[in-house]
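>>> Sequence first, then the predicted structure, then my questions.
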Amino acid sequence: MNIPEILIVEDEPSIAEVVELYLRRAGYQVQTILDGNSAIKKLESHLPDLVILDVMLPGVDGYSILRWIRDRSDLPVIFITARRDEVERIAGLELGADDYVVKPFSPQELVSRVRAVLRRIQREDNKIEKPITFNDMTIDPQMHLVTLNGNEIILTNREFDLLWLLVQHPRQVFTREQLLERVWGNAAYIDPGTVTVHLRRLREKIEKDPSMPTRLITVWGVGYKFEL
Ligand code: CA
């Protein structure tokens with residue numbers, strides 16, 4: 001990953017300097033802007049990886065900047081509020097800030113918040129799952145789409161989730177109870193026969209001969225697995 005770029009928008013130079021220093025020491029690229037109008041101008045030309053935003057600013061205030069950002073992107077924002085005023089904090093979070101600190105704050109605490117927010121964002125990015133291909137079959141979790149020999153196969157959501165779980169763990173055997181738990185989310189209240197029914201429908205859709213499956217294999221007395 002590239003070095004994250006952080007933009008500080010803070011009109012009190014003494015605070016901005018300390019924050020900048022700590023963030024640089026923590027390994028980030030940092031730029032400071034001292035008023036709202038310049039901040040918008042800067043953001044129009046280039047989005048950093050995170051913004052630290054003071055609420056009370058000359059020119060455009062922090063809330064308006066936050067609103068401006070949220071109309072355009074999910075860019076993480078941590079705002080700095082001057083007062084221990086709950087209304088102000090809630091307003092910021094409702095406008096879509098990711099976190100906040102209250103003045104006076106310890107710069108080290110702000111650095112930890114920055115780290116936490118960036119980590120969270122990165123985890124969410126990593127969650128975007130990529131398509132998996134086995135020979136003539138491709139399963140695309142983003143599009144919820146299965147293609148077989150180039151033909152689209154229509155699956156219900158449940159069938160898709162079931163197949164997706166199995167193909168992510170080729171050759172691993174799942175019991176019907178495990179599949180219920182992982183795909184249906186509540187094993188206790190659903191008949192395990194439900195899994196059998198869905199498996200049969202899936203076979204009808206993706207197996208050449210559903211009575212002699214080569215992909216969705218029954219392991220007698222145990223459960224099911226996906227075979228390559
Ligand atoms: Ca201020």
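Sure, I can see it.

>>> Can you pull the residues of the chain lying near the ion?
Residues of the chain found near the ion (Cβ under 5 Å from the ion) are Asp11, Asp54, Met56. Every residue, glycine included, has its C-beta placed from N, CA and C.

>>> what ranges of the protein fall below the confidence cut-off?
For the chain, residues meeting the criterion pLDDT under 70 lie at 1-2, 83-85, 124-128, 186-188.

>>> Show me the helices in the chain, by range?
Here the chain has its helices, by DSSP state H, at 13-25, 36-45, 62-70, 86-94, 107-126, 157-168, 176-179, 193-206.

>>> a markdown table please, covering these and showing mean neighbour count.
Shown next, in a markdown table, are these (neighbours: other Cβ atoms under 10 Å):
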| stretch | mean neighbour count |
| --- | --- |
| helix 13-25 | 16 |
| helix 36-45 | 16 |
| helix 62-70 | 19 |
| helix 86-94 | 14 |
| helix 107-126 | 14 |
| helix 157-168 | 19 |
| helix 176-179 | 18 |
| helix 193-206 | 16 |
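
>>> Adding distance to Ile80, write those helices out as JSON lines.
Shown next, in JSON lines, are those (distance: least, Cβ to Cβ, whole Å):
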{"stretch": "helix 13-25", "distance to Ile80": "8"}
{"stretch": "helix 36-45", "distance to Ile80": "13"}
{"stretch": "helix 62-70", "distance to Ile80": "8"}
{"stretch": "helix 86-94", "distance to Ile80": "9"}
{"stretch": "helix 107-126", "distance to Ile80": "8"}
{"stretch": "helix 157-168", "distance to Ile80": "42"}
{"stretch": "helix 176-179", "distance to Ile80": "47"}
{"stretch": "helix 193-206", "distance to Ile80": "51"}
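
>>> For Pro76, find the nearest of these.
helix 107-126 (4.9 Å; Cβ to Cβ).

>>> which other helices and strands contact the closest one?
helix 13-25, strand 50-54, strand 77-81, strand 99-102 (3 or more Cβ pairs under 8 Å, 6 or more residues apart in numbering; DSSP states H and E).

>>> which residues are in contact with the third one?
I take that to be strand 77-81. Counting by Cβ atoms under 8 Å, 6 or more residues apart in numbering, strand 77-81 makes contact with 10, 15, 50-55, 62, 66, 69, 88-89, 92, 96-103, 105, 110, 113-114, 117, all of which sit outside it.

>>> Then the last one?
Strand 99-102 is contacted from outside by 78-84, 89, 92-93, 109-110, 113, 116-117, using Cβ under 8 Å, 6+ apart.

>>> try 10 Å
19, 52-53, 55, 76-85, 88-90, 92-93, 107, 109-110, 112-114, 116-117, 120 (Cβ atoms under 10 Å, 6 or more residues apart in numbering).

>>> How about the first one?
Contacts to helix 13-25, defined as Cβ under 10 Å, 6+ apart, come from residues 4, 6, 8-10, 12, 28-34, 50, 52, 54, 80, 101, 103-111, 114-115.
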